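1. Provided below are the primary sequence and the corresponding predicted coordinates.
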Amino acid sequence: MPLNKLINDNCKNRIKPILLVDVKTEALLVFARTALERYFAQIDEAKYEATVGTDSDTNYVYNTLRKLLTNLQDSVVNVDYFIKLVQESKKSAKLKELAKCEDPLINYYDAMAESVAKYYKNKSAYLPEFLIICVLSHWILEEEKSIKLYPFLKDIDFLELMSKFEENRKYFEKNDGCTIKEIHEISSIIVEKLKNYKYKVNKTRTSKTRKKKNA
């Protein structure tokens, strides 16, 4: 598969950072794109109408998230790109070299995915859309990470989005537990994992993405 086709089939106008600190932001956006794509695909297929409080609040939240997804699809890849790249790199020297260049991004993504899998090992996950709002808010507003490469993020009021869920906490209480509280907890875990993760070249390492495609 030609290199340009592999990338363009997944993301038309990809923004590729150079500095590792910006690659971490890219990894978080890959995480966000992947989660939102899967979430909206599921609810659209099931014809499920997600709600958050009033009709006005619901429209605001989900219209904003769908617009965010559109921008992410245009500027960052998703996990399917990683899987395809690893598969095709076995057949092409150029793609093998590209896979090496993408290794930091894949590592950062794997670290976050592993944190989520560990947290939800013995329980069900809810509200992936709220999780994305929380991790982006935490990374951009609390950690004050640069988003200059992704100006569309500046147009999103993450605190306002969060407030729509916070104001309707009772609606999201399940089995004597508060889903909103849990998501704040796991979002903090994800951000701390990403923030503190140190990328090191490891020629023997097999990423979670690589393992998944071999399963």
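-> On my side now, so go ahead. This is a predicted model, so every value here is computed, not measured.
2. only C-alpha atoms for contact and neighbour calcs from this point on.
-> Fine.
3. just list what the helix or strand hosting residue 110 packs against, helices and strands only.
-> Counting by DSSP states H and E, the element that carries residue 110 is helix 103-119. In terms of contacts (3 or more C-alpha pairs under 8 Å, 6 or more residues apart in numbering; DSSP states H and E), helix 103-119 is packed against helix 20-46, helix 179-196, helix 208-214.
4. now do that helix and helix 179-196, the angle between them.
-> Interaxial angle, helix 103-119 versus helix 179-196 (axes from the mean of the first three to the mean of the last three C-alpha atoms, to 10 degrees): 150 degrees.
5. contact partners of helix 103-119?
-> Applying C-alpha atoms under 8 Å, 6 or more residues apart in numbering, the contact partners of helix 103-119 are 20, 23-24, 26-28, 30-31, 82, 186, 189-191, 193-194, 197, 199, 207-209.
6. of those residues, just the buried ones, ChimeraX syntax please.
-> To isolate in ChimeraX the members of the contacts of helix 103-119 that are buried, counting by 16 or more other C-alpha atoms under 10 Å, one can use:
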select :23,24,26,27,28,30,31,82,186,189,190,191,193,194,208,209
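7. just to revisit the earlier point, and the helix or strand just after the helix holding residue 110, what's buried?
-> From helix 103-119 onward toward the C-terminus, using DSSP H and E, the following helix or strand is helix 128-137. Along helix 128-137, the positions that meet the burial threshold by neighbour count (16+ other C-alpha under 10 Å) are 129-137.
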